[in-house]
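# Got a sequence here, can you model it:
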Amino acid sequence: MSGHSKFSNIKHKKEKADAQKGKAFTKLGRELAVAIKEGGPDPNVNGKLRDVIAKCKSNNMPNETIQRSIKKAAGEDSSIVYEAITYEGYGPGGIAVIVEALTDNKNRTAANVRHAFSKNGGNMGTTGCVSYMFDKKGQIFVEKSDAIDEDELMMQVLDFGAEDFNPEDDEAFEILTTVEDFSSVREQMEEAGIPIMSAEVSMIPQNTADVDDTTAEQFEKMLDALDEDDDVQNVWHNLA
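Here you go, the predicted structure:
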């Protein structure tokens, strides 16, 4: 994992999701349900729902599946309530890790996440133990191609309200926004016909950690264990 570009890490996540579409779509359906619970089933008035729908599309979730999930969530028994919980800790080699979950059973989720940490050389810590090492930002990737002019794209996204434009990744341009401006920037990019590969609010590490290959492989097993848990929505880390 050491030396991978940011976009390679995103692609790695997407490829794993593609290999397990059923599980990935279940997790995205849960995010849709939470967004609908908070703001209703109409994406025209529910900005959070629009963001989740865009995330679903970037993960190759068919429109029919998205609409079916929205209808299901809008009609679900109100007794089904998912709670957002964040866990923090260290993976093998001192890698800082943040786990975001949506659960209807906090005890089950906490036990599963703790087991994933401890079984793979990590330690789950207290709230705030690593989050200070990360910045919460909107993160949008646009794949590099001959059809996209770097300077023109940079001027466009900065004009749309982006905070930063990073062309240093070998495979993609990275656009960063504030959390507040994320939806607006993403929607303006879509309207302008800019092909977005990935767009979500992310925890961006302020500094990255390098570990040896053996430790990286052990950490990969920890990530796999977390990905297998239906309650776990996102895992952020500072491994380079």
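# going forward, measure contacts and count neighbours with C-alpha atoms only.
Noted.
# Now do the strand or helix carrying Lys55: which elements does it pack against?
Taking DSSP states H and E as the criterion, Lys55 maps to helix 47-58. Secondary-structure packing of helix 47-58 (3 or more C-alpha pairs under 8 Å, 6 or more residues apart in numbering; DSSP states H and E): helix 21-39, helix 63-75, strand 198-205.
# Can I get that helix in PDB, CA atoms only?
Extracted in PDB, the C-alpha atoms of helix 47-58 (Å, rounded to 0.1, in the frame of the first residue of the first chain):
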ATOM      1  CA  GLY A  47     -29.100  18.300  -0.200                       C
ATOM      2  CA  LYS A  48     -27.700  15.400   1.800                       C
ATOM      3  CA  LEU A  49     -29.800  13.000  -0.200                       C
ATOM      4  CA  ARG A  50     -28.400  14.500  -3.400                       C
ATOM      5  CA  ASP A  51     -24.900  13.900  -2.200                       C
ATOM      6  CA  VAL A  52     -25.600  10.300  -1.200                       C
ATOM      7  CA  ILE A  53     -27.200   9.600  -4.600                       C
ATOM      8  CA  ALA A  54     -24.100  11.000  -6.300                       C
ATOM      9  CA  LYS A  55     -21.900   8.700  -4.100                       C
ATOM     10  CA  CYS A  56     -24.100   5.800  -5.200                       C
ATOM     11  CA  LYS A  57     -23.700   6.600  -8.800                       C
ATOM     12  CA  SER A  58     -19.900   6.900  -8.400                       C
END
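# contacting residues around the residue nearest to Glu31 when sequence neighbours are not counted?
Of all residues not flanking Glu31 in the chain, Val52 sits nearest, at 6.8 Å (C-alpha to C-alpha, 6 or more residues apart in numbering). By C-alpha atoms under 8 Å, 6 or more residues apart in numbering, the residues touching Val52 are 28, 31-32, 35.
# if we can go back for a sec, would you turn the helices and strands packed on helix 47-58 into TSV with distance to Val232 and mean neighbour count?
Below are the helices and strands packed on helix 47-58 laid out as TSV (distance: least, C-alpha to C-alpha, whole Å; neighbours: other C-alpha atoms under 10 Å):
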stretch	distance to Val232	mean neighbour count
helix 21-39	8	19
helix 63-75	18	15
strand 198-205	15	20
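# Quick check: which of those is nearest to Thr126?
Nearest to Thr126, of all the helices and strands packed on helix 47-58, is strand 198-205, at 17.3 Å by C-alpha to C-alpha.
# Mind giving me the packing neighbours of the helix or strand that comes right after that closest one?
Heading C-terminal from strand 198-205, the first helix or strand you meet, by DSSP H and E, is helix 213-227. Contact here means 3+ C-alpha pairs under 8 Å, 6+ apart; on that basis helix 213-227 packs against helix 106-119, strand 232-237.
# Kind regards, and thank you for your time.
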